[in-house]
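J.: Sharing a model prediction with you, sequence too.
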Protein chains: 2
Amino acid sequence: MAQDPLVIFTPSGRRGRVPAGTPVLEAARRLGVDLDSVCGGRGICSRCQVSPAFGDFPKHGVKVDEDALSPFNEVEARYDRIRGLRPGRRLGCQARIMGDVVIDVPPESQLHRQVVRKRAEAREITMDPATRLLYVEVAEPDMHDPSGDLQRLHDALEQQWQIEAPEVPLPVLHRLQPALRKGDWAVTVALHRGNHDRAPRILDIWPGLFEGRLMGLAIDLGSTTIAAHLCDLADGAVLASGGVMNPQIRFGEDLMSRVSYAMMNPGGAAEMTAAVREALAGLAREVAREAGEDPARIVECVLVGNPVMHHLLLGIDPVELGQAPFALAASDALSLDAADLGLSTINPAARAYILPCIAGHVGADAAAVALSEQPWNGDELTLVVDVGTNAEILLGNRERVLACSSPTGPAFEGAQISAGQRAAPGAIERVEIDPQTKEPRFRVIGCELWSDEEGFAEATAATGVTGICGSGIIEAVAEMRMAGIVDASGLIGSPRQTGTWRCQPEGRTHAYLLHDGTAAGGPKIAVTQGDIRAIQLAKSALYAGARLLMDEMGVEKVERVVLAGAFGAHISPRHAMVLGMIPDVPLEKVSSAGNAAGTGARIALCSVAARREIETRVRAITKVETAIEPRFQEHFVAANAIPHATDPFPCLRKAVSLPEVHFNTGTEQGNRRRRRRRG
Amino acid sequence: MAQDPLVIFTPSGRRGRVPAGTPVLEAARRLGVDLDSVCGGRGICSRCQVSPAFGDFPKHGVKVDEDALSPFNEVEARYDRIRGLRPGRRLGCQARIMGDVVIDVPPESQLHRQVVRKRAEAREITMDPATRLLYVEVAEPDMHDPSGDLQRLHDALEQQWQIEAPEVPLPVLHRLQPALRKGDWAVTVALHRGNHDRAPRILDIWPGLFEGRLMGLAIDLGSTTIAAHLCDLADGAVLASGGVMNPQIRFGEDLMSRVSYAMMNPGGAAEMTAAVREALAGLAREVAREAGEDPARIVECVLVGNPVMHHLLLGIDPVELGQAPFALAASDALSLDAADLGLSTINPAARAYILPCIAGHVGADAAAVALSEQPWNGDELTLVVDVGTNAEILLGNRERVLACSSPTGPAFEGAQISAGQRAAPGAIERVEIDPQTKEPRFRVIGCELWSDEEGFAEATAATGVTGICGSGIIEAVAEMRMAGIVDASGLIGSPRQTGTWRCQPEGRTHAYLLHDGTAAGGPKIAVTQGDIRAIQLAKSALYAGARLLMDEMGVEKVERVVLAGAFGAHISPRHAMVLGMIPDVPLEKVSSAGNAAGTGARIALCSVAARREIETRVRAITKVETAIEPRFQEHFVAANAIPHATDPFPCLRKAVSLPEVHFNTGTEQGNRRRRRRRG
């Protein structure tokens, strides 16, 4: 007896022998090759397309004859006629293996295809969404065996897809009977596989073969902005992204003021819950509209946010988060109906998954950052910093991961800064100061030119120069320090001390004038002594949090720093280091991860395995509570200087030289004397 | 070493040896004795009270000393002081077994206590509700191990009650944090154990030990009336019962007219769904009010109804039920949120359980009747008939059970009868006709006297005699037959033929005058030829259904007949047999089961095991579809006579003698001749 044909699948390299006549789809299943199929091998969905290769393949050790596969059959011909099949392509469920053959599975035919992330250091995501489409043929009703349509659907799912008794929400049940009849006893269901030991669930149903796409929303619920990515659940592609301001801002700019609002006002938490849910529903509708997609096809959402946002989204009073021991109502990941979160604009049976919170001050957003950055996957000791009103900080490597949050306050977002503003066109985002002349130049958002380049005035005429945003103020202060305008203690020198007229007196201190737009009816934009103090407080908090984790880890330095968050993406690593925001590390070891929380949410949307991973990892993370840790206060105070005194900064000093200046003002001297006397 | 003490529990008779010092509750658990405890042995819930017996017990072979249990302790003393403990009672979690002892577990301390049903032939119900109270002590939050309150509740439930990760709906999660803090880190939860392989779920939560009662609603959703029983989930006691008219009546009196309404009117099904849900919500509130209970403590509902009611309740368009093959959307039992059925007046997390439907025409109400009557438990071949607008019919015994439904129409409910009315005060419900004088006497609902007894006029002055209800018309027709006023074909004789002036001409036929109230401004109440024809159609349909099942079973007679339904409770078995509604059977073998559908719903409310039983049994029932069965038509036509020709009626003939009369009217003769010619 001749040997069974050998089949080799690429790119997986899986190989094996199957009896002659085995369909390619069946061979793929037996050999564990990832080949998609919605219709279960009936030749109608075309998801199982493959590209057989013919000829001599010495590296595989086979020679493939033209008749290694059964001839193009009637089903394929019809499909090709009606929908078109690319040259060389076959339907995996129709083509039968007759001889040794090499078969390539193109990426779009892989159910668990890999999504390549743009950044070199980021791991690829393997598609493994919770919800997928299944085509199923259901037995017709029989008066003599009067089981319900639902039961026959259950039977068919079990026989054809080995899915046991999925739950069917009422809105889906309502549409079951017409769908079965319209589809001539065939339907496509959107099946959510269930989480943990929960039963699977049918989220939607269509007559016959449904050929539309299922989508998911990854939502990063920030204190200030809410960002959403609409993703194709088949390949993870981002179809549209959008953002809105968090309407809770009217109840309080920062988290603690929102917690206070909830404490002081009966029904205040519920008001904030209603506000954010309404915004979410609108945002979901908006991104679907932007992508030209039906929002009813959005069957899943993944949400991340800090603990206060997390609780308010769920309708839980955040009062416990405002006081020790900062007890979360729920820390583990949650799966629930999206409708229960007010997401009324998407599929009515859509599911929502909320990532776990790490601790009372370290939320699901930090978990999402961790999922995106996976510090546990590397050997290098990596510090991941997500800068916002609160900074979430992770430190770790393959051996151990620590987490904390640090109350940086809103200065990094341009708030509490005299000329501060949100990152928007017209805001100064980059600053350079000439160490010799002490003259500044800058760039504003929405314009590629520097302020001293030709055409700048014309290019910014529409927006004007309106203020300075978070990344701008960081660069401005760092540049002032490097230009000798600010000393290590954070004091701005006088015109005499600094040698520039731009250091103008303001009360008993000085302010450095970046830009005077008054001639054109615009504002004067200066960095005041108060601005410097606000940035010092913020950066000290951030640095102290990182140091606290380093203490806990028992290390004096880290090997890599990742700046996450929309803000992190815009910070210049060099300026951040000059300012002393982050521990000393070679500049080339500082990178930006962009909106890592949003990326983490997208990963969880695309992969159930990733959800399981972050749930497990979060439990293993060592949580450090900054609010009650005396060493945090010590680090915070010690980190006040620019750069501060607690650390040697060899890498920084190698990269930049900081002038040894020291300014005194009467006021500051007096203050210091007074403090000394009291102490 | 001395032997361990012997402990004997009564009434179970379970016995075994336990180490000296074992608490009684612990001993009960080890020996599988059913002893309740909400607090898990902490001496606060008092549910584990037991009555130890002292002295000589030759039948158990033990002698119990006074010191067989540890002395009354501080916990018991405090409990006795504050709440009072009955003399001789001990708390099972406090009293420790020190020597051989006999311990009685009183019924109220049994978690799975038996509920004794009133009827001799009915099986007892063992309490085993899906939802029970559990007291649990939860670890306080710890900043250094910042798990959420929910996770610590989960941990505690697993450790203290071996309950794994129950689901917590959002409204319960909202109240978790305040409950834990108010209860000083102890809460009582109402835990629904989940159905099949579904996860358990926390339906409600209270601070500390909750001492209120949990309740359930058993709802019989009829086409005409909706009945609800409010039950204590601890002991099954009915706390209140209530009923309302089904507001869907305005869309159609009978089922098929409601199906037609749904077919003819876009949104018609949704209108009927909204109407019945609103009525249910109102009824739930009403029965709770009547019982003086908080409706929020109603945590479970069990609903039964015929397939059209079942579908409309669920919001499913019943159109498929109106045409062959009468496909149910869902036949199996359903578990869902009561809120999804619009039951907004009870606990927001309450669960609803809907019994399975047997077939497209045999609904969850018939399944409930089956659960109540359990034909599969007896050796006698039993016919169970639930008479309504449709009659549900079950036939079977230990070996096999068959079911069908039969379209009797509304005549048995007093509709389509000239003087017919619903069963209400003033309606004639009992009739006797003297075979000699042909004079009638009757009783009306709301009065104990017969119409020929002294004081009847005064006693009925308030209501008057307003009409005749279903049981009244059955008795009237049967009595007319026995008195020789109606012949076997159903014809009413003339005054000359019958010898009574009460047979008054009406068109070409006659009507028998039961009561003339015109002198007092009331109605004339007569049984017309049309009434007889309507009753003949109804009873023929009922009988034909029963015969069809007998054919299917291959039997010529049944051994027992159970009349179920509110109507069945009022039918006189003798009259039903004279009329030929039911197959011939000794009169003493005909019994009434009352509202068996409601009883079945109550049983399912009290016992999860009963739910599993009916789910299994329904699958094994042989379904017979009357609508397409030619033999049904044959039986129906043959069953027209009173009593009819298809059967020998030996039992009936032994009990009553039916006069051999035969009346002709010109019209009827002519009709019959014309029919013969056409045929």
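T.: Structure received.

J.: middle-most residue in chain A, spatially?
T.: A:G598 (1.8 Å; C-alpha atoms, centre = their mean).

J.: Next one, pLDDT for that residue please.
T.: Model confidence at A:G598, expressed as pLDDT, equals 92.

J.: name the element it belongs to?
T.: Secondary-structure assignment from DSSP states H and E places A:G598 in helix A:596-606.

J.: ok, back up a step: contacting residues around the residue nearest to the centre of chain A?
T.: With contacts defined as C-beta atoms under 8 Å, 6 or more residues apart in numbering or on different chains, the neighbours of A:G598 are A:218, A:220, A:227, A:229, A:304, A:368. Every residue, glycine included, has its C-beta placed from N, CA and C.

J.: same deal with A:S109?
T.: When contacts are taken as C-beta under 8 Å, 6+ apart, A:S109 is in contact with A:35-36, A:47-50, A:92.

J.: One more: A:D452?
T.: A:R441.

J.: before we move on, what about A:L303?
T.: Taking C-beta under 8 Å, 6+ apart as the criterion, A:L303 is in contact with A:219, A:221, A:313, A:341, A:352-355, A:364, A:601.

J.: for chain B, what are the nearby residues on the stretch 101-250 of chain A?
T.: Taking C-beta under 8 Å from any C-beta of the partner chain as the criterion, the neighbours of chain B within the stretch 101-250 of chain A are A:140-151, A:165, A:167-168, A:170, A:173-174, A:176-178, A:196-199.

J.: What distance do you get for A:S406 to chain B?
T.: 15 Å (C-beta to the nearest C-beta, to the nearest Å).

J.: Quickly note the distance from the nearest residue to that residue once chain neighbours are set aside to chain B.
T.: Leaving aside its sequence neighbours, A:S406 sits nearest to A:G545 (C-beta to C-beta, 6 or more residues apart in numbering or on different chains; 3.1 Å). Using C-beta to the nearest C-beta, we find A:G545 at a distance of 16 Å from chain B.

J.: A:S372 too?
T.: Taking C-beta to the nearest C-beta, one finds A:S372 at 22 Å from chain B.

J.: so can I have TSV of the contacts of A:G598 showing secondary structure, neighbour count and pLDDT?
T.: Formatted as TSV, the entries for the contacts of A:G598 read as follows, by DSSP: H, G, I helix; E, B strand; the rest coil; neighbours: other C-beta atoms under 10 Å in any protein chain shown; pLDDT from 0 to 100:
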residue	secondary structure	neighbour count	pLDDT
A:A218	strand	28	97
A:D220	strand	29	94
A:A227	strand	20	92
A:H229	strand	24	95
A:V304	strand	29	97
A:A368	helix	32	96
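
J.: Just the closest of the contacts of A:L303 to chain B, please.
T.: Relative to chain B, the closest of these is A:L341; by C-beta to the nearest C-beta it sits at 8.5 Å.

J.: sorry, back to before: now, which of the contacts of A:G598 sits nearest chain B?
T.: Comparing the contacts of A:G598 against chain B with C-beta to the nearest C-beta picks out A:V304 as the nearest, at 15.8 Å.

J.: Grab the nearest non-local neighbour of the closest one.
T.: Distance criterion C-beta to C-beta, 6+ apart; nearest residue to A:V304, sequence neighbours excluded, is A:A368 at 4.0 Å.

J.: Correct me if wrong: the one you found contacts A:N595.
T.: No: under the criterion of C-beta atoms under 8 Å, A:A368 makes no contact with A:N595, lying 9.5 Å away.

J.: So for these two, which residues contact both of them?
T.: Residues touching both A:A368 and A:N595 (C-beta under 8 Å, 6+ apart): A:D220.

J.: Break chain A down into its domains, please.
T.: Using automatic domain parsing, the domains assigned to chain A come out as A:6-109, A:130-207, A:218-366, A:419-527+A:648-679.

J.: nearest to A:T622, of these?
T.: Distances from A:T622 to each of those were compared by C-beta to C-beta, and the smallest falls on domain A:218-366, at 9.8 Å.

J.: neighbours of A:A2, just the number please.
T.: The number of residues packed near A:A2 is 6, by other C-beta atoms under 10 Å in any protein chain shown.

J.: Report the contact partners of it.
T.: For A:A2, the contact set (C-beta under 8 Å, 6+ apart) is empty.

J.: could you redo the last one with a cut-off of 10 Å?
T.: For A:A2, the contacting residues are A:20, A:99, taking C-beta atoms under 10 Å, 6 or more residues apart in numbering or on different chains as the criterion.

J.: Could you tell me the model confidence score at it?
T.: The per-residue pLDDT reported for A:A2 equals 74.

J.: Next: the one 4 residues further on.
T.: As predicted, A:L6 sits at a pLDDT of 94.

J.: phi, psi of it?
T.: phi -100, psi 130 (degrees, to the nearest 10).

J.: Residues in a beta bridge with it, which ones?
T.: A:R17 (DSSP bridges).

J.: tell me which residues of the helix or strand where A:L652 lies are tucked away?
T.: If you go by DSSP H and E, A:L652 is part of helix A:650-655. In terms of neighbour count (16 or more other C-beta atoms under 10 Å in any protein chain shown), helix A:650-655 has its buried residues at A:651-652, A:655.

J.: residues contacting A:V561?
T.: A:382-385, A:395, A:546, A:568, A:573, A:576-577, A:581-587, A:589-592.

J.: try it again with 6 Å
T.: A:V561 sits next to A:383, A:582, A:585, A:590 when contact means C-beta atoms under 6 Å, 6 or more residues apart in numbering or on different chains.

J.: So which of those residues belong to strands?
T.: With strands identified by DSSP state E, the entries of the contacts of A:V561 that belong to them are A:383, A:590.

J.: Can you tell me which of the contacts of A:V561 is nearest chain B?
T.: Distance to chain B across those (C-beta to the nearest C-beta) is lowest for A:L383, with 20.9 Å.

J.: Number of residues surrounding the closest one?
T.: In terms of burial, A:L383 registers 28 neighbours under the definition other C-beta under 10 Å.

J.: surely it meets A:E559?
T.: No: taking contact to mean C-beta atoms under 6 Å, the distance of 8.6 Å between A:L383 and A:E559 leaves them out of contact.

J.: Please point out which parts of stretch A:507-515 sit buried.
T.: Residues of stretch A:507-515 classed as buried by neighbour count (16+ other C-beta under 10 Å): A:509-515.

J.: Quick check: closest non-adjacent residue to A:P171.
T.: Here the nearest residue to A:P171 in space, its sequence neighbours aside, is A:P348; by C-beta to C-beta, 6+ apart that works out to 5.0 Å.

J.: tally of neighbours for that neighbour?
T.: Each residue near A:P348 was counted by other C-beta under 10 Å, and the total is 17.

J.: Phi and psi next, for it.
T.: A:P348 has phi and psi values of phi -60, psi -20 when expressed as degrees, to the nearest 10.

J.: how near is it to B:I298?
T.: A:P348 sits 26 Å away from B:I298 when distances are taken as C-beta to C-beta, to the nearest Å.

J.: residue of the stretch 401-550 of chain A with the smallest distance to chain B?
T.: A:A403 (10.1 Å).

J.: quick one: that residue is in a strand?
T.: Yes: with the criterion set as DSSP: H, G, I helix; E, B strand; the rest coil, the secondary structure at A:A403 is a strand.

J.: ok, it touching A:P356?
T.: No: taking contact to mean C-beta under 6 Å, the distance of 11.7 Å between A:A403 and A:P356 leaves them out of contact.

J.: Tell me how many other residues crowd A:E140.
T.: Other residues lying near A:E140 total 12 when counted by other C-beta under 10 Å.
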